[in-house]
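Colleague: Below: sequence and its predicted model.
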Amino acid sequence: MRLLNKDLRLQDITLMYLTVLVTVVVLLVASYQAPAVHSRPALAYHIPLDPSGQLELSWNISYPTQEVYLELKVKELHHGVLLGMSDRGEPTNADLVLLWDDGHKSYFGDAWSDNEGRVMLDTQQDYELLETHQSTEGFFLLFKRPFSTCDPHDYIIEEGTVHIIYAMLERPILSLHELNISRLQPGIQRVLLLRPDAPSPALPRDVRTLEVLAPDVIIPTQETTYWCHIYQLPPNMPKNHIVMYESVITPGNEAIVHHIEVFECSPQMDTVPQFSGSCDSKMKPRKLNYCRHVLAAWAMGAEPFYYPADAGLPLGGEGSSRFLRLEVHYHNPLLISGRSDSSGIRLWYTPSLRRFDAGIMELGLVYTPVMAIPPRQLSFQLTGYCTAKCTQTALPVGGVHIFASQLHTHLAGLEVRTVLVRGGKEVEVVQEDKHFSTHYQWNQMNYESGFVAVEPNYHLMRWIFKKYIYCPLCRFQGRESCSCPGTTVEEQFSSLSWDGFSGEVLNSLYLTSPISMHCNQSTAELFPVNWKGPQQINNLVGRSKHCRCHRKPEVCAVNE
Ligand SMILES: *[C@@H]1O[C@H](CO)[C@@H](O)[C@H](O)[C@H]1NC(C)=O
Ligand SMILES: *[C@@H]1O[C@H](CO)[C@@H](O)[C@H](O)[C@H]1NC(C)=O
Ligand SMILES: *[C@@H]1O[C@H](CO)[C@@H](O)[C@H](O)[C@H]1NC(C)=O
């Protein structure tokens, strides 16, 4: 008889609390009563974990107590389930929480894995089991954990991407020592666990909706597909403001639709041919490459996105295009065939224009060989600048308010932060992600308390940390363009021998050379800026966060 059958109740689970020694000193918590379950409201956020939809994670956040409540739904529980968090989704050096049985009893505990995959119980148990119940939908396990536990084997839950790992236990586990987590081959899901808990602004009464959906696509039987579809707005649509958008996912496909974007095409094109097919298709009309102005972006697990009450994103009207490009990323690693899909984005817009037009400002690095990363680096930091010369010219006199932000890198990005600088000091971290993944970069966020104000004489900087990529570079000349007569930049690059030291030399050259900046208008033309004078931002003083650990509730004090 299986122990973790559908009748498993909280009383039947041995909690690994206060388990100090590795020789399992268990505390049977028979008196721990399961609270009345089904009356409890659902947790605020949800995300499917595995591509077949067996596991689902729901959570909510309590900022006052600095805790996350997590609920795991398992459609069919066998001998247990494992959930974990690690820097980049690797099974080793992970913070784990496990429910397992040994054939007789069921156990719940906080554990960790070492760098060879051995699983050990934590001496300090920080995951607190709150409730279990079984319904027709599956088995539910509710537990909570502080953001930061002060246990060196635990992951610190911070703003930004969290790599979640998961695995089902298919046979009884007599002792955790017999587990090698690498052999379980846990799956990975990336989520934005911490989110602002500000209430969403109310939608105006005259709000209308427009759905930009995939036209009943048969999801290709391949792991990754980017589906492109051209959508036409009605002719002569006057200017409206988009005030909210949300995803529309075809029921049953929640675990396959990975992310969705809607772009507006360039208004310079009178017409864009109808197209519905793979974005990589050779048949794709070239004009689709000119549909790049982002109107909406959603990724798995994201909530509806609301604009602030006094701003909206223009849709329609003069100087805009009728043509929109929908792009849906299907992630189908199980190669499920014959599944049809009409997922997309629902835009909520109003004809009653709000006081401010929202806009999108892009910061970062231009594609140039003199900003390349040399080979064989464990990590390498690149910095892009938008200096005060540019913000003074490009921003309106009173400055702008940043209310949301999104980070983006290509394959090698590992860590990204955007900061606001004044007088050589970081005054605000606009957004930071220490566990950034190129596979999950649509993590928009709204500010809980007001906005970040950018006054015209601020610098904005974007830092990107990347790992090794093979990249072209000609001899660094401190300028944006480089001429390498007779040889390609790849050849120049490979003619040098690269190691940590030469990487550092190149890095210091990057840091001390004059900045070359594109301060561009949305028409892709340069702002007329007078570039004379030094452009280097040296000796930047960072804001340091010193976290102190207290006993519960965990509080992180920020010393500036
Ligand atoms: C989160 O969920 C738990 C369990 O349902 C509940 O007790 C708690 O009040 C919720 N917290 C917030 C901030 O919603
Ligand atoms: C666990 O399994 C992995 C992959 O099979 C192996 O490399 C590792 O050495 C194993 N660890 C232990 C402690 O046996
Ligand atoms: C900025 O504008 C110039 C001139 O039109 C163009 O060559 C350059 O590619 C633009 N830079 C970016 C980052 O778009």
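Modeller: Arrived safely, thanks for sending. Residues are numbered from 1 along each chain as shown. Ligands and ions are numbered 1, 2, ... in the order given.
Colleague: now the strands: where do they sit in the stretch 1-150 of the chain?
Modeller: 13-15, 45-48, 55-62, 67-74, 80-86, 95-101, 106-113, 119-121, 128-135, 138-146 (DSSP state E, counting those that start in this stretch).
Colleague: what's the most buried one of these?
Modeller: strand 95-101 (a mean of 25; mean count of other Cβ atoms under 10 Å). To be clear about C-beta, it is placed using only N, CA and C from the backbone, and glycine gets the same treatment.
Colleague: now the helices for the stretch 301-450 of the chain?
Modeller: For the stretch 301-450 of the chain, applying DSSP state H, counting those that start in this stretch gives helices covering 388-394.
Colleague: and if you look at the stretch 151-300 of the chain?
Modeller: Assigned by DSSP H, counting those that start in this stretch, the stretch 151-300 of the chain shows helices spanning 181-184.
Colleague: Quick check: residues of the protein near ligand 1?
Modeller: Within the chain, the positions adjacent to ligand 1 are 40, 43, 60, 62, 69 by Cβ under 6 Å from any ligand atom.
Colleague: about what we covered before: now the strands of the stretch 1-150 of the chain as JSON lines including mean pLDDT and distance to ligand 2?
Modeller: JSON lines is the format used below for these (pLDDT from 0 to 100; distance: least, Cβ to the nearest ligand atom, whole Å):
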{"stretch": "strand 13-15", "mean pLDDT": "74", "distance to ligand 2": "25"}
{"stretch": "strand 45-48", "mean pLDDT": "93", "distance to ligand 2": "27"}
{"stretch": "strand 55-62", "mean pLDDT": "96", "distance to ligand 2": "22"}
{"stretch": "strand 67-74", "mean pLDDT": "97", "distance to ligand 2": "24"}
{"stretch": "strand 80-86", "mean pLDDT": "96", "distance to ligand 2": "15"}
{"stretch": "strand 95-101", "mean pLDDT": "95", "distance to ligand 2": "15"}
{"stretch": "strand 106-113", "mean pLDDT": "94", "distance to ligand 2": "10"}
{"stretch": "strand 119-121", "mean pLDDT": "93", "distance to ligand 2": "10"}
{"stretch": "strand 128-135", "mean pLDDT": "91", "distance to ligand 2": "28"}
{"stretch": "strand 138-146", "mean pLDDT": "95", "distance to ligand 2": "26"}
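Colleague: residues contacting the residue in the stretch 201-350 of the chain positioned nearest to ligand 2?
Modeller: Nearest residue of the stretch 201-350 of the chain to ligand 2 (Cβ to the nearest ligand atom) works out as residue 333 at 20.4 Å. The neighbours of residue 333, taking Cβ atoms under 8 Å, 6 or more residues apart in numbering as the test, are 51, 223.
Colleague: Quick check on the residue in the stretch 251-400 of the chain that ligand 1 sits nearest to: phi, psi?
Modeller: Closest approach between the stretch 251-400 of the chain and ligand 1, counting by Cβ to the nearest ligand atom: residue 303, at 13.9 Å. Main-chain dihedrals, residue 303, degrees, to the nearest 10: phi -90, psi 170.
Colleague: what about it, how many neighbours?
Modeller: Neighbour count for residue 303, taken as other Cβ atoms under 10 Å: 16.
Colleague: Residue 102 now?
Modeller: Neighbours of residue 102 (other Cβ under 10 Å): 17.
Colleague: was I right about it contacting residue 174?
Modeller: Yes - counting by Cβ atoms under 8 Å, residue 102 touches residue 174, with 5.2 Å between them.
Colleague: contacting residues around the residue of the stretch 251-400 of the chain closest to ligand 1?
Modeller: Contacts of residue 303 (Cβ under 8 Å, 6+ apart): 45, 195, 246.
Colleague: wait, which of those residues is closest to ligand 1?
Modeller: Proximity of those to ligand 1 was ranked by Cβ to the nearest ligand atom; the top entry is residue 45 with 10.2 Å.
Colleague: so what's the closest one closest to, chain neighbours aside?
Modeller: residue 59 (5.3 Å; Cβ to Cβ, 6 or more residues apart in numbering).
Colleague: What parts of this structure come near ligand 2?
Modeller: 116, 117, 118, 180, 182, 183.
Colleague: can you redo the residues you listed as CSV with neighbour count and distance to residue 163?
Modeller: Formatted as CSV, those follow (neighbours: other Cβ atoms under 10 Å; distance: Cβ to Cβ, whole Å):
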residue, neighbour count, distance to residue 163
116, 10, 19
117, 17, 16
118, 16, 20
180, 14, 20
182, 15, 15
183, 10, 19
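Colleague: coming back round to it: so who does the residue nearest to residue 45 touch?
Modeller: 43, 44, 45, 68, 69, 70, 71, 193.
Colleague: go with 10 Å
Modeller: Listed by Cβ atoms under 10 Å, 6 or more residues apart in numbering, the contact partners of residue 59 are 43-47, 68-72, 142, 144, 191, 193-195, 301.
Colleague: just residue 81 next, same as before
Modeller: 4, 49, 54-55, 72, 74, 97-100, 139, 141, 166-169.
Colleague: mind redoing it with 8 Å?
Modeller: Taking Cβ under 8 Å, 6+ apart as the test, what residue 81 contacts is 55, 72, 74, 98, 99, 141, 166, 167, 168, 169.
Colleague: can you put these in JSON lines and add distance to residue 148?
Modeller: Output for those, formatted as JSON lines (distance: Cβ to Cβ, whole Å):
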{"residue": "55", "distance to residue 148": "25"}
{"residue": "72", "distance to residue 148": "21"}
{"residue": "74", "distance to residue 148": "27"}
{"residue": "98", "distance to residue 148": "21"}
{"residue": "99", "distance to residue 148": "23"}
{"residue": "141", "distance to residue 148": "22"}
{"residue": "166", "distance to residue 148": "22"}
{"residue": "167", "distance to residue 148": "25"}
{"residue": "168", "distance to residue 148": "28"}
{"residue": "169", "distance to residue 148": "28"}
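Colleague: Looking at those residues, which is nearest ligand 3?
Modeller: residue 166 (39.7 Å).
Colleague: beta partners for the residue nearest to residue 45?
Modeller: Beta-bridge pairing for residue 59 (DSSP bridges): residue 45, residue 70.
Colleague: domain assignment for this structure?
Modeller: The chain breaks down into these domains under automatic domain parsing: 10-192, 208-357, 369-512.
Colleague: quick one: contacts for the closest residue to residue 176 other than its chain neighbours?
Modeller: Spatially, and ignoring its direct neighbours in sequence, residue 176 is nearest to residue 119 (4.9 Å; Cβ to Cβ, 6+ apart). By Cβ under 8 Å, 6+ apart, the residues touching residue 119 are 96, 98, 111, 112, 113, 176, 177, 179, 180, 181.
Colleague: Any chance of those in TSV with distance to ligand 3 as columns?
Modeller: Below are the contacts of residue 119 laid out as TSV (distance: Cβ to the nearest ligand atom, whole Å):
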residue	distance to ligand 3
96	44
98	48
111	47
112	44
113	43
176	52
177	55
179	50
180	48
181	44
